[in-house]
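Asks: got a structure for you, letters missing:
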């Protein structure tokens, strides 16, 4: 058994381990009591709504999948003959593509199924055992998503890689499949959640004057469903994509390295090993949190995350010491330690990006407090200041990312850039567990409210939510940072692939007008794409508002809260579902079509410029929207804590406007842009042989 | 006399002609009656406020100028020796730099002096002679700015070019001087105008409930001063900069072309000729408007603009037929018609960008009407939709710019890219006349209101404002488009200069991590820069609000409008001036420092990437902010016309919030970003010998 096979087995084994762990966690969560009948019923509503949405969404995505598979098959038939079959797109590419898409959908369905069942159980646990028991249930539920994502993604990748003998023109399809599902999942989920949220808030809180999560509000169930489809399934698909792409970009570069005889197989085995050790480390991290949550939940979450990161770093260095080999890339020789160092560069820079996000969006620091203060002058100043905070927050992360790109490149060439992404994402299982537990706690709070449970339960779930926030901020930093790195890694792999196919060194020169024009057009994409998402959210919210108003007017006794009168939640879920599906098709189609059009119209050079431009504005808008939205959200919360007049004051009213502006920024536009840039890069990589 | 001297004389002659025309126009405006004593007094207030601001602003700018001159002189002494003295920075560079700065300041002072004297005269003309007479005065006032800018800029350039024998390392300094003044002018003016405007509106209209431009409001004079320092002096410096840079980027490339023996002097003479014919054409256009305004003002403005454009195109082609010669650049041979065609590509693409802006920001089309409709759902949805409109509006302009880059390159290489910018800017005299007349009409309206003139006068001035709007939109398109082209032209010239100095072909490859890191960091600059401007406007508005509140409380009878009680306008002007000066120093300093830091830290490659990144996001943010702001402004106006409930309705309140958010976007951030990217490119070009 050679080194590579060895590590395919290792990675496969690790992914199976992850899935066994998932099985255990899922059974554990499901074994918990889900409280009284009302709670169970509310939870069932959310489950049904989320399941319906996913089914509808995936059925539309399926249509895209079929079309793209046919296109790949057609390209395979008409394929220009390359001297090497590794460079040929074929029907096999469509199989890999399908596998990637299915893996993402499976992981999303699994994670959401458990998450929507963990909500009532978390509330029940909060009632019976307090914050620590509730944390245990919620984190276990989140970990099903986290470990499920990495387990399924890696298992699928190992199978595809093994089946198609690692031919990049085929294996790359796997990443594209995952990316496609992620784009629709994130943008569709994002439109759903914010359409429902804004609709629920604007009529419920503002017009009807009833509190948040009040069971009388017909849109509340839809809002809770939205948390799951956006922040659980959407985020899961997002990180799954980055994870897969980081591995595949590394493998694509490794393939090029091995193109020259005498290079070590180590470069091919390394990404698999990082993924494998990351899974083990994440499992340890999750167990750590579950065991030590009893004493100090916040510390447990933080330490679990650190433990997982440190374990993977140790593993990566240990492995390098055992099996590392120097290698040559683009004529430069790199040390055997290069890849391991690049991983660490990724982890460190991802953490810094996370901490900066935390600084700019948490109510504990100056920017949000200042923003809250400025809200006293009115909504316009609040929104302007919120925008300014987001824009300002791009500075440090981008400098860090820039330096990290150069460092990782210095230590391992373009191979290092992908590995930096992989380093950040190695512990995705752990990071995602912490991230996905937030919406579970949120939902538990919603159910507590709607089921008229003891207010202390709501307090516990709110507390749970807060506890995870700092750790989740690091997760967000990883998501943004890894998206940038994964995209740059894919772009580099694309350029290398074109170079290999053409068999001449490429000069992707800035002085080439095609590249300059490509950069401008690419830079426009995230803006145009965002405008479509904004519109879709607005449209969806509008329809939701009309429906909620209609129900308040036409269902007697609803507004007054008469016993036994229930709103028609299903209709609201239905509206959000339709709005999300309709809203995601056009931007999604555009994201797929544009790189193809650019490639055919302006060749590999124009396409490379296009990708660079889209990465440039995409990363900035991604950071700005996430942090503007986060800052406005927390400024509102800061005021609600009693500062600057507290709830009901003019400052609060202004902050509510700011929060409503910020909601689609941080939950729809920002995350979708991260995927947009990755998807466009992976499409370019997959189709590289055509444009070469 | 050789060809070049010939055209230096032609260009010099044309610029003198422009200045004579300015003299005539200025005397014409000043010869008009300025109405009654109140009007004259109000006008004097505005004059004094504007003059004070300019003086203070320029004195700070002077400090920057002195430092930069010293730096240039020092570099000259420590200069690495290049084989050719043309490539050496020296104390002469600092002289050219000074000349550029002085030219911009002179033009700004001249234009503003007349503009602030034309306001009361326009109001008086409206009272005595109606819309046509008023248009005549206002356009003549605006034309002083327009023709003054091109006359002074070109005369200075011709003198510098002649004095230093066209050595690029020296002459480039002229552009940098103009750029420096423009940055401070635009950002300082922008902060002033929006700080004053928001302050005046938020207390006056919202809190005190008094109408716009009411003489009781202490901030109204400051608001009127702001229109002049922002939209007259600021815009003038902006276009002057683009104009100078387009010529200088063309000349820098021409220098490289002539580096190879046997190339025609034609390439050096051509930019001067385009500038010269543009001046003549603009003068004709202005006269056309003044003569034909009697019958149909709107048509006259439009036709005058077209006439100037067509005349320059004819002139450019005629000249090419007479003197054109084919030339070789970077090893490619181009036809003698190439430069002329590139100019036309610029004019056409600039017009398209303008028409698209008009479509997205005018109340006559769907986007603004839809936005107004959406305002019914509240301020948050309004702001979101306004943002979406701006983002959406980037699509077509950017595609057009991308295609235009490729076309102009196709016909004349990188030389063509600068010429496309020059083509757009040839008729700057005319375009700026139409643009600058807007604030004059606006001011006239303010004076009419404050002096309690017959309401029909206000109606006429409002009408005047509206008449020029479409034509002004084209001007904005030219400003945005030419900024993109000028920046790309300067960037290309920078890369050629580095190449020439190094004497080896450059590979500015996207695969270079320094370039990728540079692109990311550059892409961040416009975001970070914008955040500082937002903050500065907010801070300035805050201080203004406090002051206005204070005056309303402490000056008895002011709020009630008691006879003889006057607000302390001077203090408000003072606050805005201080706010603007304080607010512009940091972002301005950063804009100067960053390219230098990048050049030293990451070499010419990192700097080139940095510039590309900043152009990419700068152009997008420039278009988005301008059009988002414009759309929100006009949505408000559309509602005020009686749609969706008209003034005072919920939709109107939401639109007012949207407009307030949009104001700093379109009048501070957007225009400043245009200059930011040009300034950073011109600094790189000037310092190219250091980074080579």
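Replies: Perfect, I can see it now. All of these numbers come straight from a predicted model, not from anything done at the bench. Numbering: from 1, shown residues only, chains lettered A, B, ... in the order given.
Asks: rest of the way, CA atoms for contacts and neighbours
Replies: Will do.
Asks: For residue A:81, report the pLDDT, please.
Replies: On pLDDT, residue A:81 comes in at 62.
Asks: what's the model's confidence in stretch A:348-363, averaged?
Replies: Regarding stretch A:348-363, the rounded mean pLDDT is 90.
Asks: That one near chain B anywhere?
Replies: No: Stretch A:348-363 lies out of reach of chain B by C-alpha under 8 Å from any C-alpha of the partner chain, never closer than 13.1 Å.
Asks: how many neighbours does the closest residue to residue A:317 other than its chain neighbours have?
Replies: The spatially closest residue to residue A:317, leaving aside those adjacent along the chain, is residue A:340, at 6.0 Å (C-alpha to C-alpha, 6 or more residues apart in numbering or on different chains). Neighbour count for residue A:340, taken as other C-alpha atoms under 10 Å in any protein chain shown: 28.
Asks: Next: residue A:155.
Replies: So residue A:155, with other C-alpha under 10 Å, has 22 neighbours.
Asks: now residue A:153: how far from chain B?
Replies: With the distance defined as C-alpha to the nearest C-alpha, to the nearest Å, residue A:153 ends up 29 Å from chain B.
Asks: Contact partners for that residue?
Replies: Shown in contact with residue A:153 (C-alpha atoms under 8 Å, 6 or more residues apart in numbering or on different chains): A:100, A:103, A:104, A:107, A:240, A:244.
Asks: Measure how buried the third one is and give me the count.
Replies: Using other C-alpha under 10 Å as the criterion, residue A:104 is surrounded by 31 other residues.
Asks: surely it meets residue A:240?
Replies: Yes: Residue A:104 lies in contact with residue A:240 (C-alpha atoms under 8 Å); the separation is 6.9 Å.
Asks: okay, and the common contacts of these two?
Replies: A:149, A:153, A:178.
Asks: can you list the residues you listed in TSV and add pLDDT?
Replies: Below are those laid out as TSV (pLDDT from 0 to 100):
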residue	pLDDT
A:149	96
A:153	97
A:178	97
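Asks: So which of these sit within helices?
Replies: Within the shared contacts of residue A:104 and residue A:240, residues falling in helices by DSSP state H are A:149, A:153, A:178.
Asks: Pick the one among these closest to residue A:500.
Replies: Nearest to residue A:500 among those, counting by C-alpha to C-alpha, is residue A:178 at 25.2 Å.
Asks: how about the residues of the stretch 451-600 of chain A near chain B?
Replies: Residues of the stretch 451-600 of chain A lying near chain B (C-alpha under 8 Å from any C-alpha): A:492, A:495, A:507-511, A:513-514, A:516-521, A:523-525, A:527-528, A:530-532, A:534-535, A:538, A:542.
Asks: at 7 Å instead, please
Replies: A:492, A:507-511, A:513-514, A:517, A:519-521, A:523-524, A:527-528, A:531, A:534-535, A:538 (C-alpha under 7 Å from any C-alpha of the partner chain).
Asks: List the contacts of residue A:146.
Replies: A:428, A:429, A:430, A:432, A:433 (C-alpha atoms under 7 Å, 6 or more residues apart in numbering or on different chains).
Asks: if we can go back for a sec, could you dump the contacts of residue A:153 to a markdown table with secondary structure and distance to residue A:227?
Replies: A markdown table is the format used below for the contacts of residue A:153 (DSSP: H, G, I helix; E, B strand; the rest coil; distance: C-alpha to C-alpha, whole Å):
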| residue | secondary structure | distance to residue A:227 |
| --- | --- | --- |
| A:100 | helix | 24 |
| A:103 | helix | 22 |
| A:104 | helix | 18 |
| A:107 | helix | 17 |
| A:240 | helix | 18 |
| A:244 | helix | 24 |
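Asks: of the residues you listed, buried ones?
Replies: Neighbour-count burial (16 or more other C-alpha atoms under 10 Å in any protein chain shown) is assigned, among the contacts of residue A:153, to A:100, A:103, A:104, A:107, A:240, A:244.
Asks: who are the neighbours in contact with the fourth one?
Replies: The neighbourhood of residue A:107, defined by C-alpha under 7 Å, 6+ apart, consists of A:148, A:149, A:152.
Asks: By neighbour count, which of the residues you listed wins?
Replies: Busiest of the contacts of residue A:107 [other C-alpha under 10 Å] is residue A:149, holding 34 neighbours.
Asks: Check the gap between it and residue A:116 for me.
Replies: Using C-alpha to C-alpha, to the nearest Å, residue A:149 is found at 16 Å from residue A:116.
Asks: just to revisit the earlier point, can you tell me which of the buried ones among the contacts of residue A:153 lies nearest to residue A:233?
Replies: Nearest to residue A:233, judged by C-alpha to C-alpha, of the buried ones among the contacts of residue A:153 is residue A:107 at 8.1 Å.
Asks: follow-up on the earlier one: what's the closest of the contacts of residue A:153 to residue A:390?
Replies: Residue A:390 has its nearest neighbour among the contacts of residue A:153 in residue A:240, at 26.1 Å by C-alpha to C-alpha.
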